[in-house]
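Peer 1: Coordinates only, no sequence provided:
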Ligand SMILES: NC(=O)C1=CN([C@@H]2O[C@H](COP(=O)(O)OP(=O)(O)OC[C@H]3O[C@@H](n4cnc5c(N)ncnc54)[C@H](OP(=O)(O)O)[C@@H]3O)[C@@H](O)[C@H]2O)C=CC1
Ligand SMILES: CC(=O)[C@@H](O)[C@H](O)COP(=O)(O)O
Ligand SMILES: [Mn+2]
């Protein structure tokens, strides 16, 4: 029996994870569930999965949750705040942590799981993008197992040799082909992009996801973050990671080998597949996702990304090449800009412009510890805020 903590259980990944866990009660029990402010949803999850601990964002939310659990589940310990997230991510009683908080808010607890040597199921790509080598070092030092949940990275993981050790050329790996749907604006006239609404931007053609990652897909910053994520997960350089537009989102990514072979992982676009894969790895368990009907799909298309249409993708490649604090700044600037767009304070095209201006205005530095990292994150957020107001 594996005891699982789900950081961000009320989100899109959290809900899909619980769906998979519910199919295998003999294998998994839930140690802790966490949410930020969706207390009623968390209470429902608690009553169904009976975790030992539940964590929310504030004292008021904790009081509300305790009230909701009082009659049927008074034994569930209710905690709140950042320290409590770290506590449930690193507790001795927990074997595996699904890191599914969105954005930099998930860094500390995901890192706590890494430092505590847990099996870390990484959905929260921003945590890895912003902390890079520090995160990889934490995994190495503790002996934690890091398994990618992001559909592309899970696909790449499945296509790499089983004894792969973050060195592409050592085992004949030539290139990673990272597929991208192109999002909702793949073919929309570029000169109309500044008038798109948040509702249009979050309407992803293939995946049902949280609002932040959906906007990232629309700007293709999601793919940019995934290029950086692939760099850290698989030790590949920028030139070894090629983004390929594939609007059907059936091939979740590919690995190209020196002998000309290209291995791909395919499946219906449903996150329960990579979640089930990582949960059970190296075994296989049912995920609830139906079989792929390729005859019905008929055609798979591919193309090169247009960097004029999607400048965020280029900004991310530039940040990866620049190294140091660049990816931390890129990620923080993007988070603030995306939230401003969702709050209707800025237009869609301002997202890439704000990130570019922030990257231009902050000097890069080496990031050698978490305090420096958080300072770079803070500076970038402050800079974007000042550019918006
Ligand atoms: N959705 C998907 O299909 C995929 C997602 N990912 C990545 O997984 C992560 C989660 O994405 P997704 O599930 O879509 O996001 P959602 O917005 O759907 O869910 C986010 C979760 O994080 C919690 N949360 C939000 N802010 C905070 C905070 N400040 N402190 C603590 N918890 C917080 C939310 O709680 P509450 O509900 O209370 O607000 C919620 O449980 C992201 O990093 C995303 O890039 C990667 C690949 C695919
Ligand atoms: C499901 C998943 O992993 C998302 O990151 C997805 O890849 C978004 O699709 P695009 O960014 O390719 O539009
Ligand atoms: Mn992805």
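Peer 2: Arrived safely. What you see is a predicted model; the values in this text were computed from it and never measured. Ligands and ions are numbered 1, 2, ... in the order given.
Peer 1: from the stretch 101-250 of the chain, which residue is nearest to ligand 1?
Peer 2: In the stretch 101-250 of the chain, the residue found nearest to ligand 1 is residue 210; the distance is 2.6 Å by C-beta to the nearest ligand atom. Yep, even glycine has a C-beta here, placed from its N, CA and C like the rest.
Peer 1: Would you agree that residue is in contact with residue 103?
Peer 2: No. No contact is recorded between residue 210 and residue 103 when judged using C-beta atoms under 8 Å, the distance being 9.7 Å.
Peer 1: what about the two, which has more around it?
Peer 2: residue 103 (20 against 17; other C-beta atoms under 10 Å).
Peer 1: Mind checking what secondary structure the most far-flung residue of the chain relative to its centre has?
Peer 2: Going by C-alpha atoms, centre = their mean, the residue of the chain most distant from its centre is residue 71, 35.5 Å out. Here residue 71 is recorded as coil under DSSP: H, G, I helix; E, B strand; the rest coil.
Peer 1: same question, the one 3 residues further on
Peer 2: Classification of residue 74 into helix, strand or coil gives coil, according to three-state DSSP.
Peer 1: Look up phi and psi at it.
Peer 2: According to degrees, to the nearest 10, the main-chain angles of residue 74 amount to phi -70, psi -20.
Peer 1: residues near it, how many?
Peer 2: By the criterion of other C-beta under 10 Å, residue 74 has 9 neighbours.
Peer 1: for residue 170, same thing?
Peer 2: Neighbours of residue 170 using other C-beta under 10 Å come to 12.
Peer 1: Need the three-state assignment for it.
Peer 2: Counting by three-state DSSP, the three-state call for residue 170 is helix.
Peer 1: Do you have the strands of the protein handy? List them.
Peer 2: In the chain, the segments counted as strands under DSSP state E are 2-7, 28-34, 53-56, 77-80, 96-99, 119-122, 145-148, 173-180, 241-245, 251-257, 262-266.
Peer 1: For those, could you give me CSV that also reports mean neighbour count?
Peer 2: Putting these into CSV (neighbours: other C-beta atoms under 10 Å) gives the following:
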stretch, mean neighbour count
strand 2-7, 25
strand 28-34, 24
strand 53-56, 28
strand 77-80, 19
strand 96-99, 27
strand 119-122, 26
strand 145-148, 20
strand 173-180, 22
strand 241-245, 20
strand 251-257, 22
strand 262-266, 17
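Peer 1: Excluding chain neighbours, what is closest to the residue in the stretch 1-150 of the chain positioned nearest to ligand 2?
Peer 2: Distance from ligand 2 to each residue of the stretch 1-150 of the chain (C-beta to the nearest ligand atom) is smallest for residue 150, at 4.8 Å. Once flanking residues are discounted, residue 150 sits nearest to residue 125: 5.6 Å by C-beta to C-beta, 6 or more residues apart in numbering.
Peer 1: ditto for residue 279
Peer 2: Of all residues apart from its sequence neighbours, residue 20 sits closest to residue 279 (C-beta to C-beta, 6+ apart), at 6.3 Å.
Peer 1: Over to residue 331?
Peer 2: Sequence neighbours aside, residue 130 is the residue nearest to residue 331 in space, at 4.6 Å (criterion: C-beta to C-beta, 6+ apart).
Peer 1: give me every residue that touches whatever residue of the stretch 101-250 of the chain ends up closest to ligand 3.
Peer 2: Taking C-beta to the ion as the measure, the point where the stretch 101-250 of the chain comes nearest ligand 3 is residue 150, at 4.3 Å. For residue 150, the contacting residues are 122, 123, 125, 226, 229, 274, by C-beta atoms under 8 Å, 6 or more residues apart in numbering.
Peer 1: Would you check how far apart it and residue 200 are?
Peer 2: 24 Å (C-beta to C-beta, to the nearest Å).
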